[in-house]
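Peer 1: Need coordinates for the below:
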Amino acid sequence: MNNRFKPKYNIKKGDQVVIIAGDDKDLKKPRTVLEVILEKGRVVVEGANIITKHTKPSAQNTKGGLVKREASINISNVMLWDAKAGAATKVKRDRQEGKLVRIAKKSGEVIK
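Peer 2: Predicted coordinates for the structure are as follows:
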């Protein structure tokens, strides 16, 4: 992907998010982001979009068989969770002491 037009997302690894669309939609249950895939605009969220992967026996996994794991979902289907407001929130960016910080629009709190 070209660096000049690289997208900027407000979601980072370790953030609490809610899923706002799709089969795992739940606006009241915050989940943790395990991985952000910038090039594809996707995120892997804990306990969402579970797939069954067939694996062959290997040195690490001598049995093989079926493995359940999380697959990625589109980043537009998740929204940041605001713990103070107890709901999903939009994010704005602002400079504080020369650093760019994310601020929840619902409560005005800085997102760590």
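
Peer 1: what's the burial count for the closest residue to V110 other than its chain neighbours?
Peer 2: In space, and not counting its chain neighbours, V110 is closest to V101: 5.2 Å by C-beta to C-beta, 6 or more residues apart in numbering. For the C-beta atoms, the positions are set from N, CA and C on the backbone; glycine is no exception. The local packing of V101 (other C-beta atoms under 10 Å) involves 13 other residues.

Peer 1: that's a helix at V101, yeah?
Peer 2: No - residue state for V101 (DSSP: H, G, I helix; E, B strand; the rest coil) corresponds to strand; a helix is not indicated.

Peer 1: so who does it touch?
Peer 2: With contact set as C-beta atoms under 8 Å, 6 or more residues apart in numbering, V101 has these partners: 93-95, 110-111.

Peer 1: which one of the residues you listed sits closest to R69?
Peer 2: Relative to R69, the closest of the contacts of V101 is I111; by C-beta to C-beta it sits at 27.4 Å.
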